[in-house]
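In: Below is the structure, and that's it, no one-letter string:
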């Protein structure tokens, strides 16, 4: 490991880690923050994204040996005391384990779809602006074997620090692309021979009655407004049957139920 001690929060080598919360809001010039040991395991093992460096609390270094063994050998591993790390981050870092990753070239929707196997399951969040929900959708996509996630242009960034953390690193593992409008995503999925299913409390069918096609795209809308009406008119719609008098599930929970159902249906 290329271990480098950092004693000054103003050291230019750790400048990308400065003022984490503020930088999350204004952007990191093509980079992202990964946080926590489990997330770094995914970052280094999946190798979908390159990592520039790691910043770790001095008392956490010994427990990071297996994780760091997965990283490129020459990658800098910056080690700091709690006081120095807190000064760098701009708040108390109780986890004390960070990495800077590079987003790299953005994959197009068509490129992601063209790389999928003949039998594929894709999650399509539309209008999801909550980072917890995006992170949970990616976590569910990884857990239930979805092949990709396509996000419309109104969704939040899955590589935002909180989204990555909530996804437990799944946003660094599951292939994804951010497209234009929901309609443009539907056009792309049609070109790649996907059958498309929109989840809605007013859906015409129960998901348990739908036979899993070889290529399926599953649309997930916002809580409250749901999916756009033009999209619902265009697509086959389905619902998750619930107890009488209640028809609302958190989109993260709905994605878990639906992805699990169609994963099971494919076996």
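Out: Cool, got the structure. Computed from a predicted structure; not experimentally measured.
In: quick one: the strands in the stretch 151-267 of the chain?
Out: For the stretch 151-267 of the chain, the strands defined by DSSP state E, counting those that start in this stretch cover 176-178, 195-199, 205-206, 215-220, 236-239.
In: Mind putting those strands into a markdown table with distance to residue 30, mean neighbour count and mean pLDDT?
Out: All C-beta spots, glycine's among them, are computed from the backbone N, C-alpha and C. Below are those laid out as a markdown table (distance: least, Cβ to Cβ, whole Å; neighbours: other Cβ atoms under 10 Å; pLDDT from 0 to 100):
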| stretch | distance to residue 30 | mean neighbour count | mean pLDDT |
| --- | --- | --- | --- |
| strand 176-178 | 14 | 21 | 96 |
| strand 195-199 | 32 | 22 | 96 |
| strand 205-206 | 43 | 12 | 92 |
| strand 215-220 | 27 | 24 | 97 |
| strand 236-239 | 38 | 18 | 94 |
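In: just so I know, which of those lies nearest residue 143?
Out: Closest approach to residue 143 among these is made by strand 215-220 (14.3 Å; Cβ to Cβ).
In: Who are the packing partners of the closest one?
Out: With contacts taken as 3 or more Cβ pairs under 8 Å, 6 or more residues apart in numbering; DSSP states H and E, strand 215-220 sits against strand 120-125, strand 195-199, helix 251-265.
In: Show me what that strand pairs with in its sheet, parallel or antiparallel.
Out: Strands that pair with strand 215-220, judged by DSSP bridges, come out as strand 120-125 (parallel), strand 195-199 (parallel).
In: could those go into CSV alongside distance to residue 68?
Out: Formatted as CSV, these follow (distance: least, Cβ to Cβ, whole Å):
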stretch, distance to residue 68
strand 120-125, 32
strand 195-199, 40
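In: still on that earlier bit, switch the strands of the stretch 151-267 of the chain over to JSON lines; also include distance to residue 17.
Out: JSON lines is the format used below for the strands of the stretch 151-267 of the chain (distance: least, Cβ to Cβ, whole Å):
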{"stretch": "strand 176-178", "distance to residue 17": "25"}
{"stretch": "strand 195-199", "distance to residue 17": "39"}
{"stretch": "strand 205-206", "distance to residue 17": "49"}
{"stretch": "strand 215-220", "distance to residue 17": "33"}
{"stretch": "strand 236-239", "distance to residue 17": "44"}
